[in-house]
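Novice: Sequence isn't available, so here's the structure alone:
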């Protein structure tokens, strides 16, 4: 029990330190610093709540042991104390294990907002339509979780689908809810334009990026090249009479982001910067994972975009996740955003793998 007590002491100490920093006038006057500390506070909140429940269970056990050790306790009181002692010890064991798992497998990005990039892959127009279906699925799923969803940029084609679309999902725990969606998604169905009724297979690639703050990814003024051009819509027609579209290039890495959906050049630049920071943050994370060795790359949430993660077969009413061998025969509901069956199973498998890799199971 000494190990879990030390862990809880550390959680309580960290939580109180963050509370003190959030009340510090110097921190309150620095927006970026305050945002970073507030995020850490939010990340720790759930495990701190578990720690409080652990302390309550400890008090229950101590009180019950005190009653059992008191010669003045009558038989009825001793029976009650014995029952309380058993319940308290079971709660301590369960809470201790949950705290240990949370601290070991927690992702520092879990509480962050996310940027979801969806790109049509093989399959022409059908792939673009599928990219649109995925964007709608994630929007429904995120909204059901209470998150705010915004389209940061979209490159539509003539059939109403997307060559690529970028969504921003804001809310506490957005990355935690969506981080297992990165990879290649495959659809098997008869396209609306297919007269012969043949099943086509198309793909779309999804990337889920934790949104980076200014303090995490610093972009120097000489690192950025800004190009301004006229926005264009589906089929190449001009959708703007002013040069408001913005292309940002991060010179050191060559990463390029374009935004043209807003009428204001400033708004497009701001949106492009958010996407660029997220992509640079992802590059830095990938570099760190590589340096840590193979352990992280074996995890379910490794985020490899080239990995085939899920197949949506409309004829067979089937959605299959290839990483965990889970199949659902509720494709209509899944496409409406009912993803919990998959996200919860993926999170559980990720925790299991991480504990096994750490020698914990």
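Specialist: Structure received. Every value quoted in this text rests on a predicted model; they were computed, and no experiment measured them.
Novice: Would you map out the domains in this structure?
Specialist: 2-105, 114-211+304-357, 221-289 (automatic domain parsing).
Novice: Pick the most buried one from the ones you listed.
Specialist: Of all the domains of the chain, domain 114-211+304-357 carries the top mean neighbour count, a mean of 18, counting by mean count of other C-beta atoms under 10 Å. Quick note: C-beta positions are derived from backbone N, CA and C, even for glycine.
Novice: counting contacts, what elements does the strand ranked longest in the chain pack onto?
Specialist: What stands out as the longest strand in the chain, according to DSSP state E, is strand 200-210. The contact analysis (3 or more C-beta pairs under 8 Å, 6 or more residues apart in numbering; DSSP states H and E) places strand 200-210 against strand 114-120, helix 124-144, helix 174-178, strand 183-189, helix 265-292.
Novice: Determine how far it lies from the middle of the whole chain.
Specialist: Here strand 200-210 is found 16 Å from its chain centre; the criterion is C-alpha atoms, centre = their mean, to the nearest Å.
Novice: Give the pairing partners of it; include direction for each.
Specialist: strand 114-120 (antiparallel), strand 183-189 (antiparallel) (DSSP bridges).
Novice: what stretches of this structure score poorly on pLDDT?
Specialist: In the predicted model, the chain carries pLDDT under 70 at residues 1-2, 105, 193, 195, 213-216, 232-242, 288-305, 357-361.
Novice: which stretches of the stretch 201-350 of the chain form strands?
Specialist: 224-229, 245-250, 255-259, 308-313, 318-321, 326-328 (DSSP state E, counting those that start in this stretch).
Novice: can these go into CSV with extra columns for distance to residue 29?
Specialist: Output for the strands of the stretch 201-350 of the chain, formatted as CSV (distance: least, C-beta to C-beta, whole Å):
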stretch, distance to residue 29
strand 224-229, 27
strand 245-250, 30
strand 255-259, 31
strand 308-313, 44
strand 318-321, 47
strand 326-328, 49
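Novice: Quick one: closest of the ones you listed to residue 138.
Specialist: Residue 138 sits nearest to strand 308-313 of all the strands of the stretch 201-350 of the chain, at 12.5 Å, using C-beta to C-beta.
Novice: who does that closest one touch, helix- and strand-wise?
Specialist: strand 183-189, strand 318-321, helix 331-335.
Novice: among the ones you listed, which is nearest residue 349?
Specialist: Of those, nearest to residue 349 by C-beta to C-beta is strand 318-321, at 9.8 Å.
Novice: re earlier: to residue 50, which of the helices and strands packed on strand 308-313 lies closest?
Specialist: That would be strand 318-321 among the helices and strands packed on strand 308-313, by C-beta to C-beta, at 28.7 Å.
Novice: So in that sheet, which strands flank the closest one, and in what orientation?
Specialist: Strand pairing (DSSP bridges) places strand 318-321 next to strand 308-313 (antiparallel), strand 326-328 (antiparallel).
Novice: distance between the shortest one and the chain's centre?
Specialist: The chain centre lies 21 Å from the centre of strand 326-328; the measure is C-alpha atoms, centre = their mean.
Novice: And the contacts of that strand?
Specialist: 318, 319, 320, 321, 334, 341, 342, 345 (C-beta atoms under 8 Å, 6 or more residues apart in numbering).
Novice: Mind putting these into TSV with distance to residue 189?
Specialist: Below are these laid out as TSV (distance: C-beta to C-beta, whole Å):
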residue	distance to residue 189
318	11
319	12
320	14
321	18
334	13
341	21
342	19
345	24
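Novice: Past whichever helix in the chain runs longest, which element shows up next along the chain?
Specialist: When the chain is parsed with DSSP state H, its longest helix is helix 31-68. Later in the chain than helix 31-68, the nearest helix or strand by DSSP states H and E is helix 75-105.
Novice: That following helix vs helix 31-68, what angle?
Specialist: Here the directions of helix 75-105 and helix 31-68 differ by 150 degrees (axes from the mean of the first three to the mean of the last three C-alpha atoms, to 10 degrees).
Novice: What helices and strands are in contact with helix 75-105?
Specialist: Using 3+ C-beta pairs under 8 Å, 6+ apart: helix 75-105 touches helix 2-22, helix 31-68, helix 340-357.
Novice: one more time with 6 Å
Specialist: helix 31-68 (3 or more C-beta pairs under 6 Å, 6 or more residues apart in numbering; DSSP states H and E).
Novice: what angle sits between the helix it packs on and helix 2-22?
Specialist: Using the same axes, to 10 degrees: helix 31-68 against helix 2-22 is 140 degrees.
Novice: Look up which residues are beta-bridged to residue 258.
Specialist: residue 247.
Novice: Was I right to think it contacts residue 248?
Specialist: No. With contacts defined as C-beta atoms under 6 Å, residue 258 does not count as touching residue 248, sitting 7.7 Å away.
Novice: give me every residue that touches residue 307.
Specialist: residue 183 (C-beta atoms under 6 Å, 6 or more residues apart in numbering).
Novice: Once you drop chain neighbours, what's closest to residue 335?
Specialist: residue 137 (5.4 Å; C-beta to C-beta, 6 or more residues apart in numbering).
Novice: my bad, residue 33
Specialist: residue 27 (5.6 Å).
Novice: before we move on, back to that, quick one: closest of the strands of the stretch 201-350 of the chain to residue 68.
Specialist: Residue 68 lies closest to strand 326-328 among the strands of the stretch 201-350 of the chain, at 47.2 Å (C-beta to C-beta).
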